[in-house]
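**Q** Need the 3D shape of this:
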Amino acid sequence: MSFQTAILEVSAEYRANASAYQALTDLLAARLAKVTQGGSAAHVARHLARGKLLVRDRIDRLCDPGTAFLELSPLAAWGQYENEVPGAGIVTGIGIVQGRAVTIIANDATIKGGSFFHETVKKHARAQEIAATLRLPCLYLVDCGGAYLPEQDRVFPDRDHFGNAFWRQCRMSASGLAQIALVFGGCTAGGAYIPALADQVIMVEGNARIHLGGPSIVKVAINEEVDGDTLGGALMHTTVSGVCDHRVQTEGEGLSLLRRLVADLPDPRAGWTAPRAAQPPVLDAGQIPGIISADPKRPYAAQEIMARLVDGSELSQFKPEWGASAVCAFTTIHGCPVGIIGNNGALVSQAALKAAQFIQLCDQRRIPLLFLHNITGFMVGVEAERGGIAKDSAKMVYSMANARVPKISLIVGGSYGAGNYGMCGRGFRPDFLFAWPSAKLATMSADIAANVMLELRRSNKAHPPTEADLAQIDAKVRAQYAEQSDPYYATSRLWDDGIILPEQSRDVLGLCLSLLASTPADAHFAPVYRM
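**A** Residues are numbered from 1 along each chain as shown. Reported below is the predicted structural model:
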């Protein structure tokens, strides 16, 4: 039986109630309208004059067209600070990006330069708490001046102050929830840690800056004169420090790239990343034999090999402008998501750190790893050692050894020394390991081994060698290494799972990935921590 209402819309009481409530509705609408205007007209005009979008326009461009954005606590800080901090200077909420729900945390730089007040911190952390509970990725649209210094005792020292937001960001990343930052403006002091702790970072050239201390602080602290771009601009952080993964020229370009990065994300509530629709490579794998140099000393781009193995020849490269001797990319093979690491020469410290971070990202997102070996090893020499190559290469080895996702190795060229270890050689138990006929596997190349042995013999001052002695040593060492680094020598001893042709590799890899993806993920997928 349906409920029979007793309400009469024509009654005086109903009309009085409705009129009173309309006043409440109008009050809310007026206050929301005031909040959504952002900062003062002068600050908004200055913001726009820098070629920057307003915070809600950024969110509108980021979210899928026609979808709703659930904004959280829009009236935070209302009635406080003489109403000069509308919305607590930050916009948070849940939106739909690439068809999936995400948490968005966006600073409004028109309000006190995007600085954090007490309520800003609470609003930021509450959005993170919701993201953690619902298992949603976090997207940070960063334009942040750090803590508002006059409020430092209400922002900085306590457990639930600014440090709490960073703690949550670290914990969510470790739990497999992607943390991605797009930097539009200045990020100073604590504000710098929002992108620095993110898994992936985009910076808009010209306006974006990340530094623990801005030019004025640097001047006071160490009496060093420096401009903002030199200290922490997009070009520097993308090509020198490695803090940033991608730099873009406009905010619109950055928002489009952020959408693409979200499209690459797996569902953090699922097991291994689900397969997608497969498509053949655009580039022909039959060209690979013509790309690989007949002279192993002559380099070739790892990207050229990758693009002929993967779906649509599409590569979403990680840190393409930093640590270039390590090539890292997200992609798919026969619809199976995979993270590929290849080599463009010896791995320097930057490249080793880049590869270590990429491995950890794949592990976090439960994306299998494919290592394409063509590596002479890690860089040697005074500069490399002083730069910490031993420590940095160990970080790559450590990350690879502890990654819990499936791992496949394919030796396409040389695989020498510690480079073999870092690229998941047999000793690190890849799930499958194959080699091409062009593969070479040894502690070092025949040239280097021969030179090392000749130098050792020359150093024997008690019994100086003759030229005939040196020639004999050279020939013997080269013969030994030529024999023992041969791919048939390796496969005969089961150091691999077989020699395959480049043209066969896509199908072989796709089969292996599909088999590995069907294996149940570990129910106790413990967190791994990024270095």
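**Q** Double-check that Ile411 belongs to a strand.
**A** Yes. Ile411 sits within a strand when classified using DSSP: H, G, I helix; E, B strand; the rest coil.
**Q** which residues does it bridge with?
**A** Beta-bridge pairing for Ile411 (DSSP bridges): His373, Ala435.
**Q** doesn't Ala435 make contact with it?
**A** Yes. The pair Ile411 / Ala435 is scored as a contact, 4.3 Å apart, by CB atoms under 8 Å. C-beta here means a position set from N, CA and C on the backbone, and glycine is covered the same way.
**Q** Neighbour count: these two, which is higher?
**A** Per other CB atoms under 10 Å, whichever of Ile411 and Ala435 has more neighbours is Ile411, with 28 against 25.
**Q** residues contacting the more buried one?
**A** 373, 433-436, 439-441, 487, 496 (CB atoms under 8 Å, 6 or more residues apart in numbering).
**Q** Go through these and single out the one with the most neighbours.
**A** His373 (27 neighbours).
**Q** I'd like to know how far that one sits from Glu503.
**A** As for His373, its distance to Glu503 is 18 Å (criterion: CB to CB, to the nearest Å).
**Q** I'd like the distance from stretch 359-378 to the chain centre, please.
**A** 13 Å (CA atoms, centre = their mean, to the nearest Å).
**Q** before we move on, which element is Asp26 in?
**A** Per DSSP states H and E, Asp26 falls inside helix 12-36.
**Q** ok, then the element right after that helix?
**A** helix 41-49.
**Q** in that next one, what's buried?
**A** For helix 41-49, burial by neighbour count (16 or more other CB atoms under 10 Å) applies to 43-44, 47.
**Q** For those, give me JSON lines that also has distance to Ala16 and pLDDT.
**A** Putting these into JSON lines (distance: CB to CB, whole Å; pLDDT from 0 to 100) gives the following:
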{"residue": "His43", "distance to Ala16": "42", "pLDDT": "93"}
{"residue": "Val44", "distance to Ala16": "40", "pLDDT": "94"}
{"residue": "His47", "distance to Ala16": "45", "pLDDT": "94"}
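**Q** and which of these is nearest Ser115?
**A** Nearest to Ser115 among the buried residues of helix 41-49 is His43, at 12.4 Å by CB to CB.
**Q** Below-threshold pLDDT in the chain: ranges please.
**A** Scanning the chain for pLDDT under 70 picks out 1-2, 268-274, 518-531.
**Q** Spatially central residue (nearest the centroid) of it, please.
**A** Taking CA atoms, centre = their mean, the centroid of the chain lies closest to Gln200, which sits 3.3 Å from it.
**Q** isn't that residue right next to Leu182, touching?
**A** No. Checked against CB under 8 Å, the pair Gln200 and Leu182 is beyond contact range at 9.4 Å.
**Q** about what we covered before: who's in contact with the residue nearest to the centre of the chain?
**A** 178, 180-181, 245-246, 261, 318, 361.
**Q** same thing with Met379?
**A** The contact partners of Met379, by CB under 8 Å, 6+ apart, come to 346-349, 389.
**Q** Break down the stretch 351-500 of the chain into its helices, ranges please.
**A** 382-386, 389-402, 417-422, 446-458, 467-484, 487-492 (DSSP state H, counting those that start in this stretch).
**Q** Equivalent analysis for the stretch 1-150 of the chain, please.
**A** 12-36, 41-49, 55-62, 118-134.
**Q** could those helices go into TSV alongside distance to Gly232?
**A** Shown next, in TSV, are the helices of the stretch 1-150 of the chain (distance: least, CB to CB, whole Å):
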stretch	distance to Gly232
helix 12-36	31
helix 41-49	20
helix 55-62	21
helix 118-134	22
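**Q** quick one: which of the ones you listed is nearest Pro299?
**A** Nearest of the helices of the stretch 1-150 of the chain (CB to CB): helix 55-62, 39.0 Å.
**Q** What are the buried residues along that closest one?
**A** Neighbour counts over helix 55-62 (16+ other CB under 10 Å) mark 55, 58-59, 61-62 as buried.
**Q** do the same with stretch 278-290
**A** Neighbour-count burial for stretch 278-290, counted by 16+ other CB under 10 Å, picks out 281, 283, 285, 288.
**Q** So what touches it?
**A** Contacts to stretch 278-290, defined as CB under 8 Å, 6+ apart, come from residues 305, 307-313, 332, 334-335, 502-503, 505-506, 510.
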